[in-house]
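Student: need a 3D model of the sequence below.
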Amino acid sequence: MSELHGSGDTRHLPVIEKTTEAEPGRSASAADPAPPPTLGDTSDGSGRFWSARRVPAGVLALLVLAAAGLLLYDVAAVRADRPAMHWRRSLADELAERPLDDTWMLVGAGVATVLGLWLIVLAATPGLRGVLPMRRAHTDVRAGLHRDAAAMVLRDRAMEVSGVQSVKVRMRRTKVDVRAVSHFRELDEVRADLDAALTDGVGRLGLARRPALSVRVARSDRKG
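Tutor: Take a look at the predicted model:
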């Protein structure tokens, strides 16, 4: 994954392209048959990155371990001719006496259902929405770009356009929202230059799924 660090000015990320040169005494046909894919290739097949979700898994594991340990201790105590814990006797009595349409029974069932659905969603969805998958140059290598880093790169490209005073870039998975403020030049000219610069910038990000671009330009409110 690629991530930008530091609080200073950002620069364009370099694109490293591997080229193949024939060695002296070696014919061109003996070199690699084809150059590696570049950022202009359209084939990708890269899906979203899956989140490890260590915190929900750790919390669930601790809760299950605590409940199983407590229940095992109580069962062992009963087997040793000792009375069961008060909470287990009370719970058994409540479950035996309360009807199924009781309010607390419905609330408990609803909470259990919501927790179960939440765990199913966590298990079935990839997560890591903040990481944008990039096109694969090699089948055994995957790369991703953080949204904040991509937004910062596009913001720097937009600030290079003449007439742009400030820019706000919101990077999503399928769309890039750009809001710019211009303090001179015609708005249509600034918007056209921004469209050209940002279209090229989005293409150079090398994302597996090219997001749509939305650009809005407004005039600065400052006078003088």
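Student: ranges for the helices of the protein?
Tutor: In the chain, the segments counted as helices under DSSP state H are 54-79, 86-97, 103-124, 147-159, 187-204.
Student: against which helices or strands is the fourth one packed?
Tutor: In this case it means helix 147-159. strand 131-133, strand 164-171, strand 175-182, helix 187-204 (3 or more Cβ pairs under 8 Å, 6 or more residues apart in numbering; DSSP states H and E). Heads up, the C-betas are built off the backbone N, CA and C, glycines and all.
Student: could these be laid out in JSON lines, adding mean pLDDT, mean neighbour count and distance to L91?
Tutor: As requested, the helices and strands packed on helix 147-159 are exported to JSON lines (pLDDT from 0 to 100; neighbours: other Cβ atoms under 10 Å; distance: least, Cβ to Cβ, whole Å):
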{"stretch": "strand 131-133", "mean pLDDT": "89", "mean neighbour count": "24", "distance to L91": "44"}
{"stretch": "strand 164-171", "mean pLDDT": "93", "mean neighbour count": "18", "distance to L91": "50"}
{"stretch": "strand 175-182", "mean pLDDT": "94", "mean neighbour count": "19", "distance to L91": "51"}
{"stretch": "helix 187-204", "mean pLDDT": "93", "mean neighbour count": "17", "distance to L91": "58"}
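Student: picking that back up, can you tell me which of the helices of the chain comes nearest to M134?
Tutor: helix 147-159 (9.9 Å; Cβ to Cβ).
Student: the residue most central in space within the chain: what's its closest spatial neighbour, skipping adjacent residues?
Tutor: Centrality entry for the chain: nearest residue to the mean C-alpha point is R129, 2.1 Å, by Cα atoms, centre = their mean. Among residues not flanking R129 along the chain, R173 sits closest, at 6.7 Å (Cβ to Cβ, 6 or more residues apart in numbering).
Student: care to break this structure down by domain?
Tutor: Recorded structural domains for the chain (assignment: automatic domain parsing) are 54-124, 144-219.
Student: in a markdown table, list the ones you listed along with distance to R136.
Tutor: Formatted as a markdown table, the domains of the chain follow (distance: least, Cβ to Cβ, whole Å):
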| stretch | distance to R136 |
| --- | --- |
| domain 54-124 | 24 |
| domain 144-219 | 8 |
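Student: quick one: the helices and strands packed on helix 147-159 as CSV, columns for distance to A80 too.
Tutor: Compiled in CSV, these are given as follows (distance: least, Cβ to Cβ, whole Å):
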stretch, distance to A80
strand 131-133, 53
strand 164-171, 62
strand 175-182, 65
helix 187-204, 70
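Student: of these, which is nearest D81?
Tutor: Here strand 131-133 is closest among the helices and strands packed on helix 147-159 (Cβ to Cβ), at 57.7 Å.
Student: just give me how far that closest one sits from the chain centre.
Tutor: The chain centre lies 6 Å from the centre of strand 131-133; the measure is Cα atoms, centre = their mean, to the nearest Å.
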